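Chemist: sequence unknown, structure follows:
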């Protein structure tokens, strides 16, 4: 078997899409080389890496083509299609000759896992390429070799896979407004749900599957079943579809999240953190909502390895109605927060309510006249001026909460590619899915 890995061919301003380049390579392998292509992998890498492309996707093509021929053909397509006029685009190509399911070296498997959760250097990729004798090619600074090598090892590095069926536009239409019938998208999304997810955002009225960038994608349908994503795509009424391709992908799996603690969370990585709400939620300029997460009640005291520290969490304005969930939190609520840490702040993707504060302490009411009592002085409790009734401490009043225990998530319009939608299931508490 031959595995072709590619990465970093697109540009934020000029367009292109690495999935399209991979689809073109696969088609040339089938037609020009009469080769069999068994699958295409779409691997989302660490979304917190600062130099990422738009979706930070690397691609792998599994084929029975001769590796030398596959390398030459893939290089030709990369040189033709990659947007190298953008200095931030640094394509990379890696070709390996082994079975992607059973023969991936341990070091390459670990490298693939690290590319999704950590930071890697070009030198790390080069060392592995040389050690295993893989063919490689690059332009620019060669950063694309990191993703290309990660795509080579991804099949054995990851356990959970989903699917995306991508339809592409005719090339002469690239950069023009997409002609997609909105109602047909919503109807197809309803028919495919929940096996197909993040196709639309009903709360915002958006067709999430239709991009707004100048690239070649017309729409992309994501889900758990390959036949269903294809069926949903075929039901959408639109401008002509020039080509289409099914991808096996790690999208919607939460594989980027690592378990961590407040005291050890680092910038540029994504975490699943336990803690207690330590500040009242605050809406700041731009509509962003901030709240501090403190250590759980049973956490080690300050000065320990984990440290009794706080971490700011935010729900940015594009997360829309998710911000109301964050605003509903109160000091003392115990939660699990998930998201990327950047500049010392956790960008919330989802959170689970583990325990809610159900009461609040208030100035007591006189049981005789039902008037609010007054402080009797420092550490002297409360008294009723009229009746002389006294009580030693504040009373407890039950709180009406707008949250329930369980998981809450950002809406589809704000979801990261790799973040797991609640509708997919497998969570450790009740879920409150957005659709």
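Modeler: Arrived safely, thanks for sending. If you're wondering where the values come from, they're calculated on a predicted model, not measured in any experiment. Numbering: from 1, shown residues only.
Chemist: For the closest residue to residue 376 other than its chain neighbours, list each beta-bridge partner.
Modeler: Spatial nearest neighbour of residue 376, excluding adjacent residues (CB to CB, 6 or more residues apart in numbering): residue 383 at 4.4 Å. Quick note: C-beta positions are derived from backbone N, CA and C, even for glycine. With DSSP bridges as the criterion, residue 383 is bridged to residue 374, residue 390.
Chemist: how about residue 230, secondary structure?
Modeler: Three-state assignment for residue 230 (DSSP: H, G, I helix; E, B strand; the rest coil): helix.
Chemist: Pretty sure it sits against residue 245.
Modeler: No: when contacts are counted by CB atoms under 8 Å, residue 230 is not listed as touching residue 245 (10.4 Å).
Chemist: which neighbours do the two share?
Modeler: residue 165 (CB atoms under 8 Å, 6 or more residues apart in numbering).
Chemist: Would you mind naming the helix or strand containing the spatially closest residue to residue 162 that is not a sequence neighbour?
Modeler: Of all residues not flanking residue 162 in the chain, residue 252 sits nearest, at 5.0 Å (CB to CB, 6+ apart). In this assignment (DSSP states H and E), residue 252 forms part of neither any helix nor any strand.
Chemist: who touches residue 252 in this structure?
Modeler: So residue 252 contacts 162, 197-198, 222, 417-421, 424 (CB under 8 Å, 6+ apart).
Chemist: likewise residue 315?
Modeler: 288-289, 322-323, 325-326, 348, 410 are the contacts of residue 315 under CB under 8 Å, 6+ apart.
Chemist: for the stretch 51-200 of the chain, what spans make up the helices?
Modeler: For the stretch 51-200 of the chain, the helices defined by DSSP state H, counting those that start in this stretch cover 67-81, 106-117, 122-132, 144-157, 182-192.
Chemist: where do the strands sit along the stretch 151-300 of the chain?
Modeler: Here the stretch 151-300 of the chain has its strands, by DSSP state E, counting those that start in this stretch, at 162-168, 196-197, 217-223, 243-249, 257-259, 269-277, 282-283, 289-294.
Chemist: And those strands: which comes nearest residue 36?
Modeler: strand 243-249 (14.9 Å; CB to CB).
Chemist: Run me through the strand neighbours of that closest one, direction for each.
Modeler: In the sheet, strand 243-249 lines up with strand 37-44 (parallel), strand 162-168 (antiparallel) (DSSP bridges).
Chemist: so can I have JSON lines of those showing distance to residue 369?
Modeler: As requested, these are exported to JSON lines (distance: least, CB to CB, whole Å):
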{"stretch": "strand 37-44", "distance to residue 369": "65"}
{"stretch": "strand 162-168", "distance to residue 369": "64"}
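Chemist: export those to JSON lines and tack on mean neighbour count?
Modeler: Shown next, in JSON lines, are those (neighbours: other CB atoms under 10 Å):
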{"stretch": "strand 37-44", "mean neighbour count": "22"}
{"stretch": "strand 162-168", "mean neighbour count": "24"}
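Chemist: So, low pLDDT: which residues of the stretch 251-400 of the chain?
Modeler: Scanning the stretch 251-400 of the chain for pLDDT under 70 picks out 299-308.
Chemist: What segments of it are helices?
Modeler: Under DSSP H, counting those that start in this stretch, the stretch 251-400 of the chain gives helices at 322-327.
Chemist: Residue 60: neighbour count?
Modeler: 30 (other CB atoms under 10 Å).
Chemist: next one: residue 63
Modeler: So residue 63, with other CB under 10 Å, has 25 neighbours.
Chemist: beta partners for it?
Modeler: The partner residues for residue 63, given DSSP bridges, come to residue 2, residue 37.
Chemist: Roughly how far does it sit from residue 257?
Modeler: Distance, residue 63 to residue 257, using CB to CB, to the nearest Å: 32 Å.
Chemist: Residue ranges of each domain in this structure, please.
Modeler: 2-157, 162-249, 257-358+400-432, 359-398 (automatic domain parsing).
Chemist: Give the rounded mean pLDDT of the second one.
Modeler: Put plainly, it is domain 162-249. Computed over domain 162-249, the mean pLDDT rounds to 97.
Chemist: for the longest one, same thing?
Modeler: Confidence over domain 2-157, taken as the mean pLDDT, stands at 91.
Chemist: now the end-to-end length of it.
Modeler: Terminal residues of domain 2-157 lie 17 Å apart, using CA to CA, to the nearest Å.
Chemist: cool, and stretch 313-321?
Modeler: Across stretch 313-321, first to last residue, CA to CA, it's 16 Å.
Chemist: Buried residues of that stretch, list them for me.
Modeler: 313-316, 319-320 (16 or more other CB atoms under 10 Å).
Chemist: Just name the closest of those residues to residue 204, please.
Modeler: Of the buried residues of stretch 313-321, the one sitting nearest to residue 204 (CB to CB) turns out to be residue 320, at 6.0 Å.
Chemist: Residue 414 is in contact with that closest one, correct?
Modeler: Yes: if you go by CB under 8 Å, residue 320 and residue 414 touch, sitting 6.5 Å apart.
Chemist: ranking the domains of the chain by burial, who's on top?
Modeler: domain 2-157 (a mean of 21; mean count of other CB atoms under 10 Å).
Chemist: And it, how far out from the chain middle?
Modeler: 20 Å (CA atoms, centre = their mean, to the nearest Å).
Chemist: so how far is residue 343 from residue 215?
Modeler: 29 Å.
Chemist: Ok, which of the strands of the stretch 151-300 of the chain comes nearest residue 398?
Modeler: strand 269-277 (18.6 Å).
Chemist: on contacts alone, who are the packing partners of the closest one?
Modeler: For strand 269-277, the packing partners by 3 or more CB pairs under 8 Å, 6 or more residues apart in numbering; DSSP states H and E come out as strand 257-259, strand 289-294, strand 334-342, strand 345-355.
Chemist: could I get those as CSV with distance to residue 103?
Modeler: Compiled in CSV, the helices and strands packed on strand 269-277 are given as follows (distance: least, CB to CB, whole Å):
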stretch, distance to residue 103
strand 257-259, 27
strand 289-294, 43
strand 334-342, 33
strand 345-355, 35
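Chemist: Which one of those strands lies nearest to residue 96?
Modeler: Closest among these, using CB to CB: strand 257-259, at 26.9 Å.
Chemist: Determine how far that closest one lies from the middle of the whole chain.
Modeler: Worked out by CA atoms, centre = their mean, strand 257-259 lies 12 Å from the chain centre.
Chemist: Contacts for it next, please.
Modeler: 117, 269-272, 338.
Chemist: Residue 57: which of the strands of the stretch 151-300 of the chain is closest?
Modeler: Closest among the strands of the stretch 151-300 of the chain, using CB to CB: strand 243-249, at 8.4 Å.
Chemist: The closest one to strand 217-223, inter-axis angle?
Modeler: 40 degrees (axes from the mean of the first three to the mean of the last three CA atoms, to 10 degrees).
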